[in-house]
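Q: I'll drop the sequence and a predicted model, then ask my questions.
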Amino acid sequence: MEAWNAWFAAVEAWQPVVALRGSTWAYPLVSWLHLLGIALLFGTIAVVDLRLAGGLLQLDDAALQRTLVPLSLAGFVLAALSGLLLFAPAAREYLSNPWFAAKLALIAAAALNALALHLASRRRRRRSPDPHRTSRHGRLAGVLSLGLWATVMLAGRMLAFG
């Protein structure tokens, strides 16, 4: 554990991280980018998940997959990269906060849910010619995804203000 503590202390002392922490504008801008990434991720994935859960049936599933899933991934990448920059100036403090561990665990669970859904939908497309049919597992995955991402945001707010 001491080795990790020393490593994260070195991250916090790294000159670009010190400059980020000391800048009047950089840290707030990175925080703003983090919020934009979260908004893009959750805003797009919520529509996909609601469609999976059996709602928004008037929306074309294939079009949603083609357009919104890549936007969700872009939002995730933006949130993750900016999140790393927000983490670096206070790495040891975040690591000791149980909300940080909860947030990472929830993100991992949401990612595993998305991967399982992706793999299941590939198998289903090979078996079923009806692209509008949502399986019970798909509905469950959509509801689970909505809950997981909403809870990730709660953990993030608790991390910042709790």
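A: Cool, the structure landed.

Q: where do the helices of this protein begin and end?
A: Using DSSP state H, the helices found in the chain span residues 2-13, 15-22, 26-52, 61-87, 91-95, 98-127, 136-161.

Q: pLDDT below threshold where in the protein?
A: When the per-residue scores of the chain are filtered using pLDDT under 70, the ranges that remain are 1, 121-134.

Q: ok, the residue nearest in space to the middle of it - contacts?
A: If you average the C-alpha coordinates of the chain and look for the closest C-alpha using C-alpha atoms, centre = their mean, you land on residue 76, 5.0 Å from that point. Contacts for residue 76 (C-beta atoms under 8 Å, 6 or more residues apart in numbering) come out as 37, 41. All C-beta spots, glycine's among them, are computed from the backbone N, C-alpha and C.

Q: look up how far residue 8 lies from it.
A: 24 Å (C-beta to C-beta, to the nearest Å).

Q: kindly report the same for residue 103.
A: Residue 103 sits 17 Å away from residue 8, taking C-beta to C-beta as the criterion.

Q: more neighbours, those two?
A: Higher neighbour count among residue 103 and residue 8: residue 103, with 22 against 18, using other C-beta atoms under 10 Å.
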